[in-house]
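In: Sequence plus predicted model, see below.
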Amino acid sequence: MRIEYHRTLIADRVRNEAFHRALAKTIVKGKSVVADIGAGTGLLGMMAAKLGAREVFLYEAAEVAGVAAAHLKANRAKGCHLIPCHSTEMQEPPQVDIVVSETLGNYALEEDIVETLNDAHARYLKPGGTVIPSRITQVVAPVIADRFAKELAVWNDVGFGLDLSVARTMSLNNAYVRTLKPADLLGGMANAKTWDTVDLTRQCKANRKGEASWKVDAATAVHGFATWWIADLIPGVTLSTAPGAPPTHWEQLYFPLLRPLEAKSGDVIGISLRSRSSIEGGTHLAWTATHTDRSGKQKDRQALDLDKGWIP
């Protein structure tokens, strides 16, 4: 991984300031022991040390651990110990009062934060200790703007009398990182709904599933669905990737459809989402959209799966 990715993290002041506030409210000067899991260039671990943590253990398995080591030396970071391995590989880890882990992706769970923090709960955290973040709320909304669908329809417009529909279908079985506006959504932000809540203060499942539905007030076409997340770092300190929230290096995810859902007033649009995430197996996402008329008759059902978007 090139250093440019880490520059985008350091440039994300919304992210950095939120984690700094959470650490400042949690660290007891001269007493707290902190584990920074997925330390990257060492920013959060060094923040914890500056805020008065007695000891900080920084876990980083990637090559960027060398950069973190140089940063610790350059900043004369006292009480900081860099451990160049994934936290799940550490044998008999030191016990800590606070675990902080900014292992969040555009899809919140794609960097295996659930599996990582399950392990941290079991082996790292002292009784009564604090996990940052403590909760992730995953949100979904129908997308009525057609510009994303038009972008993905390029396969239809190649011309020359050629049919590229096989590639088009594969292209639609993918989730896309995009920046959405509240106006792109059915009913704006007021109609966004929670499809999943992950409580990171206890052991929880890495496989997630949930659903949401909307009754349509007026005729409209739904071209896809957008998802984002809200992370409660500690009570009172949140970080959001929602459309309209202060921008971060994260964006929203756009889940396409094979064809628009052409809904009339009184119809119901629904979606179910499923994900599997693990350190060994990566992240797998699937989504099923439904359209039911006011009498309860199903007009359309579309099942898409990220695994179908791969070239075999």
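Out: Ah, there it is.
In: Any idea which residue is closest to the centre of the protein?
Out: A108 (1.5 Å; CA atoms, centre = their mean).
In: Would you mind listing the residues in contact with that residue?
Out: 136, 138, 198, 229, 231 (CB atoms under 8 Å, 6 or more residues apart in numbering). From N, CA and C alone the C-beta is placed, and that goes for glycine too.
In: could I get those residues as a markdown table with secondary structure?
Out: Converted to a markdown table, the contacts of A108 look like this (DSSP: H, G, I helix; E, B strand; the rest coil):
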| residue | secondary structure |
| --- | --- |
| I136 | strand |
| Q138 | strand |
| V198 | strand |
| W229 | strand |
| A231 | strand |
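In: Pull the most distant pair out of those residues.
Out: Q138 and A231 (10.2 Å; CB to CB).
In: Between the two, point out the one with more neighbours.
Out: Per other CB atoms under 10 Å, whichever of Q138 and A231 has more neighbours is A231, with 25 against 20.
In: which residues touch the nearest residue to P133 once chain neighbours are set aside?
Out: Of all residues not flanking P133 in the chain, A231 sits nearest, at 4.3 Å (CB to CB, 6 or more residues apart in numbering). Contacts for A231 (CB under 8 Å, 6+ apart) come out as 104, 108, 133, 135-137, 238-240.
In: how about A35, secondary structure?
Out: strand.
In: Now do the contacts for it.
Out: Per CB under 8 Å, 6+ apart, neighbours of A35: 56-57, 59, 87, 93-94, 96, 98-100, 120, 124.
In: Can you show me the helices along the stretch 51-200 of the chain?
Out: 65-74, 113-123, 147-152, 165-172 (DSSP state H, counting those that start in this stretch).
In: Pass me the low-pLDDT residue ranges in the protein, would you?
Out: Residue ranges of the chain with pLDDT under 70: 1.
In: How is it partitioned into domains?
Out: 3-102, 136-309 (automatic domain parsing).
In: Deepest-packed of these, please.
Out: domain 3-102 (a mean of 19; mean count of other CB atoms under 10 Å).
In: distance between the ends of that domain?
Out: Using CA to CA, to the nearest Å, the gap from the first to the last residue of domain 3-102 comes to 17 Å.
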